[in-house]
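Trainee: Got a sequence here, can you build the structure:
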Amino acid sequence: MDRSTRLAILASLVTLGLWAGSAAASTIVLPRAGQVGFGIQGQYGTLLSTGDLGKEFGSGAGLVVKVRYRMRFERAIGLTFDVQQLDARDPAGNSHLEGGAFDTLETSSQPGLRDRLKMVTAGVEFYQLFDTRERTTKMLSVSGGLVQLSAHLTDGETQYPIAGDGVFLGAGAGVERFFFRSWALDLSSKYMMIVHDGTINHDFQLQLGLMFYAAY
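Mentor: Below you'll find the model as predicted:
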């Protein structure tokens, strides 16, 4: 193979690579101000062992549903709905005999012990976005809302906390990585301060899922 042939093949490969790159880039449709995104994420969270909830429950998986509205000046506002299932720290029930968030369970008289905590949150989230004209958008967020709590017992019963539900304040960081048209991978981490019965609980989450921005 002579030199001219090799140069011709190399030029063809470079041209093909440039064409493929431009074709891939052309499939990305970045969202703009006024568009609404709908997302779903899986998550894994853990409570620190402080506060009335953290004394009894530790970590577990969950699901997040998000609605995000893009605004001007690289900002966004959204709604977030989370469901977490956090396992009991002491399945044998010994820690349940000391004051936590729920009624005391006397193992001699109660057929079921607390197995897991179900924590449902609904809130409003505000975002500051960065690099919104790139395929990877970075963001910081603050949030706040309501927390609904219930404990599932080993015998299938449900128990509600003595002091009712709580509220939360949150802060987070994440990225959206667009991979096809207005579809993006949504990776984020979040801290929630949960206030319940006058005590503060600390919840840390890692979330991964998809976000889709509807065209109009």
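
Trainee: make it CA atoms for all contacts and neighbour counts henceforth
Mentor: Noted.

Trainee: Quick one: mean pLDDT over the host helix or strand of V83.
Mentor: Taking DSSP states H and E as the definition, V83 sits inside strand 75-87. For strand 75-87, mean pLDDT rounds to 96.

Trainee: Same question for stretch 47-64.
Mentor: 92.

Trainee: Contacts made by that stretch with the rest, please.
Mentor: Applying Cα atoms under 8 Å, 6 or more residues apart in numbering, the external contacts of stretch 47-64 come out as 40-46, 80-90, 95-96, 99-101, 116-117, 196, 199-204, 207.

Trainee: Distance of the most centrally placed residue in the chain relative to A163?
Mentor: Nearest to the mean C-alpha position of the chain, by Cα atoms, centre = their mean, lies Q207 at 3.8 Å. Going from Q207 to A163 by Cα to Cα, to the nearest Å gives 29 Å.

Trainee: same deal with L210?
Mentor: 36 Å.

Trainee: Out of the two, name the residue with the larger neighbour count.
Mentor: More neighbours surround L210 than the other of L210 and A163, with 20 against 12 (other Cα atoms under 10 Å).

Trainee: what residues are up against the closest residue in space to that one that isn't next to it in sequence?
Mentor: Spatial nearest neighbour of L210, excluding adjacent residues (Cα to Cα, 6 or more residues apart in numbering): L185 at 4.8 Å. Going by Cα under 8 Å, 6+ apart, L185 touches 175-179, 208-211.

Trainee: ok, 7 Å please
Mentor: 176-178, 209-211 (Cα atoms under 7 Å, 6 or more residues apart in numbering).

Trainee: next one: G34
Mentor: Neighbouring residues of G34 by Cα under 7 Å, 6+ apart: 69-71.

Trainee: If we use 10 Å, what do you get?
Mentor: 69-72, 76, 215-216 (Cα atoms under 10 Å, 6 or more residues apart in numbering).

Trainee: Dump these to CSV, plus secondary structure.
Mentor: Formatted as CSV, these follow (DSSP: H, G, I helix; E, B strand; the rest coil):
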residue, secondary structure
Y69, strand
R70, strand
M71, strand
R72, coil
A76, strand
A215, coil
Y216, coil
